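Enquirer: Give me coordinates for this.
(chains A and B)
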2 protein chains.
Amino acid sequence: MKLFIGEIVEKTAYLNEEESHHFAKVLRGKEGDIVHVTDGEGSLAEIEIYSITKKRVEGKVLNIKREFEKKNYQLHIAIAPTKTIERLEFFLEKATEIGIDEITFLQTFHSERKTIKRERLEKIVQSAAKQSLKAYLPKVNDMVKFNDFIKQNFEEATRCIAHCQTVVTRISYKTLLQSKPNNIVLLIGPEGDFSNEEIALAESNGFTGISLGHQRFRTETAALQAVFATDWSLSD
Amino acid sequence: MKLFIGEIVEKTAYLNEEESHHFAKVLRGKEGDIVHVTDGEGSLAEIEIYSITKKRVEGKVLNIKREFEKKNYQLHIAIAPTKTIERLEFFLEKATEIGIDEITFLQTFHSERKTIKRERLEKIVQSAAKQSLKAYLPKVNDMVKFNDFIKQNFEEATRCIAHCQTVVTRISYKTLLQSKPNNIVLLIGPEGDFSNEEIALAESNGFTGISLGHQRFRTETAALQAVFATDWSLSD
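Expert: Next comes the predicted model:
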């Protein structure tokens, strides 16, 4: 099954510009072909292509599924990007495959990487979502300063900050998941961990300090573990 | 903390040849330096270097820890290697970091990759073990035919085969982990899954069919999930 990203408007669906190019030029698709399209917001349609132009491939909706494989939780991970970008890219691919809704890159006190190419990372997420047939496309946000991020309004979410400071009270993420939260915002720090000031500031903004387990993982491993554990514990 | 692989004999420790070269030539280590050495079998020693030759760096054991961070379970994963070797390499790195004891590469009916470079993969595992300070070095076995592998004597282990055939009875891996097995041999199939014949043959050799969850993952993602879930469920 081949999945494309586009728009679905009643009985008609369009592949977006890049996807149209891919369909027509790379895959040499034809009128009459049957493909799948998602709007990235939960709808998945099977369509029959009837029009191919350079910028727009259009089809008739044969059938449509709403809220396709909708998860029973929302997970937003804000992560200090790794020095080696491949590690972050692998995390993004795997997180998309397992289940994540939103990703933000954090600029923290100990961050080794100060910039990211959001568009490239977004493409990795889109590609992983297509490959693993996701009808919900994870949102990839720009890099943001730690202090600005935690001041955002996340009132409906269970907010947590994963860190390794044993002198500060933390609860285990396993315990937190037992309360079956349905909306989680989770902060993952850089190799050098969050600073004490960052942890204190997060706590004063409603974030709970958590421990991801008995081991001290690399940034991308910790983030992956959080994504796996959330799916493992909360999915039906 | 810098960790090297070598031998520990009573009050003396040696770095192995490659590690000796790395210490002396790459890191420009000196006599009097304090480093850590593991034998890869649970012992971790702090040593003071007193002799540096081309092939052997030797030191006096200052203190030693036995069964350093020993896990309370044994996990052996036998996996059909992925077409793209980077995916397998990433899995090996992460599995070493999280916790695995033995890895075997399976040649299966639907395998896309028929050969692997064991030495290269072993280096990746060693490097990950050093980086994440493991005193137990995972064993990396050669490629073996599926039929030969399952006939080995694994009588003391809980044996399972992860597959996606819904017509065959499977139990969930989550349920299996609730019985707190302390020795697991787990088979992970290729993109095209194990064949029906392979599943039947495994079952007749004492392997239980399991499901890793509600999603259908890529090979390396399924294997990673199994490693994470085992650690998450069995570690204290």
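
Enquirer: ok, which residues in chain A are in contact with chain B?
Expert: Contacts of chain A with chain B, taken as C-beta under 8 Å from any C-beta of the partner chain, map to A:90, A:94, A:97-99, A:131-132, A:174, A:213-215, A:217-218, A:221, A:224-225, A:228-229, A:231-232, A:235-236. For glycine as for every other residue, the C-beta is placed from the backbone atoms N, C-alpha and C.

Enquirer: Could you check how far stretch A:208-220 is from the centre of its chain?
Expert: Chain-centre distance of stretch A:208-220: 19 Å, with C-alpha atoms, centre = their mean, to the nearest Å.

Enquirer: Show me what counts as buried in it.
Expert: Buried residues in stretch A:208-220, counted by 16 or more other C-beta atoms under 10 Å in any protein chain shown: A:209-213, A:215, A:217-220.

Enquirer: what does stretch A:22-29 give?
Expert: For stretch A:22-29, by 16+ other C-beta under 10 Å, it's A:22-24, A:29.

Enquirer: what about that stretch, start to end distance?
Expert: 9 Å (C-alpha to C-alpha, to the nearest Å).

Enquirer: quick one: average pLDDT of that stretch?
Expert: Mean pLDDT, stretch A:22-29: 93.

Enquirer: How far away from the center of its chain is the longest helix along chain A?
Expert: Selection of the longest helix in chain A by residue count, based on DSSP state H, yields helix A:219-234. Helix A:219-234 sits 12 Å away from the centroid of its parent chain (C-alpha atoms, centre = their mean).

Enquirer: what packs against it?
Expert: Based on contacts counted as 3 or more C-beta pairs under 8 Å, 6 or more residues apart in numbering or on different chains; DSSP states H and E, the elements that helix A:219-234 packs against are strand A:74-79, helix A:85-98, helix A:173-178, strand A:183-188, helix B:85-98, helix B:219-234.

Enquirer: Save the ones you listed as a markdown table, and put in distance to B:Asn72 too.
Expert: Below are the helices and strands packed on helix A:219-234 laid out as a markdown table (distance: least, C-beta to C-beta, whole Å):
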| stretch | distance to B:Asn72 |
| --- | --- |
| strand A:74-79 | 29 |
| helix A:85-98 | 26 |
| helix A:173-178 | 16 |
| strand A:183-188 | 26 |
| helix B:85-98 | 14 |
| helix B:219-234 | 6 |
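
Enquirer: nearest to B:Phe146, of the ones you listed?
Expert: Shortest distance between B:Phe146 and the helices and strands packed on helix A:219-234, using C-beta to C-beta, is found for helix B:219-234: 14.1 Å.

Enquirer: could you give the mean pLDDT of the closest one?
Expert: 95.

Enquirer: before we move on, what about stretch A:83-100?
Expert: Mean pLDDT, computed over stretch A:83-100, is 95.

Enquirer: Name the residues that touch it?
Expert: A:71, A:75-77, A:79, A:81-82, A:103, A:112-113, A:116, A:121, A:124-125, A:127-129, A:131-132, A:134, A:138, A:140, A:191, A:218-220, A:223-224, A:227-228, A:230-231, A:235, B:90, B:215, B:217-218, B:221, B:224-225 (C-beta atoms under 8 Å, 6 or more residues apart in numbering or on different chains).

Enquirer: Are any of those buried, and if so which?
Expert: For the contacts of stretch A:83-100, buried by 16+ other C-beta under 10 Å: A:71, A:75-77, A:79, A:81-82, A:103, A:113, A:116, A:121, A:124-125, A:128-129, A:132, A:134, A:138, A:140, A:218-220, A:223-224, A:227-228, A:230-231, B:90, B:215, B:217-218, B:221, B:224-225.

Enquirer: Pull the contacting residues for A:Gly42.
Expert: For A:Gly42, counting by C-beta under 8 Å, 6+ apart, the contacting residues are A:66-68, A:70, A:135-136.

Enquirer: Which residue does chain A have closest to chain B?
Expert: A:Phe228 (4.4 Å; C-beta to the nearest C-beta).

Enquirer: Distance of that residue relative to A:Ile77?
Expert: Using C-beta to C-beta, to the nearest Å, we find A:Phe228 at a distance of 12 Å from A:Ile77.

Enquirer: go on, A:Glu97?
Expert: A:Glu97 is 14 Å from A:Ile77, by C-beta to C-beta.
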